[in-house]
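Trainee: the sequence isn't on hand, but the structure is:
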């Protein structure tokens, strides 16, 4: 039995929706815990400029993620296990590098992008469900 639902790439898949929402909630919890507990290697400075910039960038990234969910080419790309693994690996490494360089921007942008993506993904699911 696979952890990833077989019909994950389909827009009207309930299991796929829950799978994606689970990952988005995990990002919110993980990045939120970094903001709250601030490990020794991360210094978070919440000032107006990073907050406003992160919110704007997070909204843009969240909307881009929602739009790419509808794109057939993007869904076909994520169905291939080899590409999915390599992409997620590169993304994880990139997030670690950016988190080390600009932690406040990275954490706030990740949280905002995830929060923006959740209602967009639910709307896509509901639209796909209706005939």
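Mentor: Yes, it's here. It should be emphasised that the depicted structure is a prediction, and the values quoted were computed from it without experimental measurement. Numbers count the residues shown, from 1 in each chain.

Trainee: any stretches of the chain with poor pLDDT?
Mentor: The chain contains residues with pLDDT under 70 at 1-9, 39-41, 131.

Trainee: show me where it has helices.
Mentor: Remark: helices assigned in the chain by DSSP state H are 14-37, 48-70, 72-79, 81-101, 103-129.

Trainee: got TSV for those helices, with mean neighbour count too?
Mentor: For the C-beta atoms, the positions are set from N, CA and C on the backbone; glycine is no exception. Formatted as TSV, the helices of the chain follow (neighbours: other Cβ atoms under 10 Å):
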stretch	mean neighbour count
helix 14-37	15
helix 48-70	15
helix 72-79	12
helix 81-101	11
helix 103-129	18
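
Trainee: residue 46 contacts residue 105, doesn't it?
Mentor: No - using Cβ atoms under 8 Å, residue 46 is not in contact with residue 105, being 11.0 Å away.

Trainee: so what's residue 111 closest to, chain neighbours aside?
Mentor: With sequence-adjacent residues excluded and distances taken as Cβ to Cβ, 6 or more residues apart in numbering, residue 111 is closest to residue 31, at 5.0 Å.

Trainee: tell me how far that neighbour lies from residue 54.
Mentor: According to Cβ to Cβ, to the nearest Å, residue 31 and residue 54 sit 11 Å apart.

Trainee: if anything else comes up later, I'll come back, but that's it for now.
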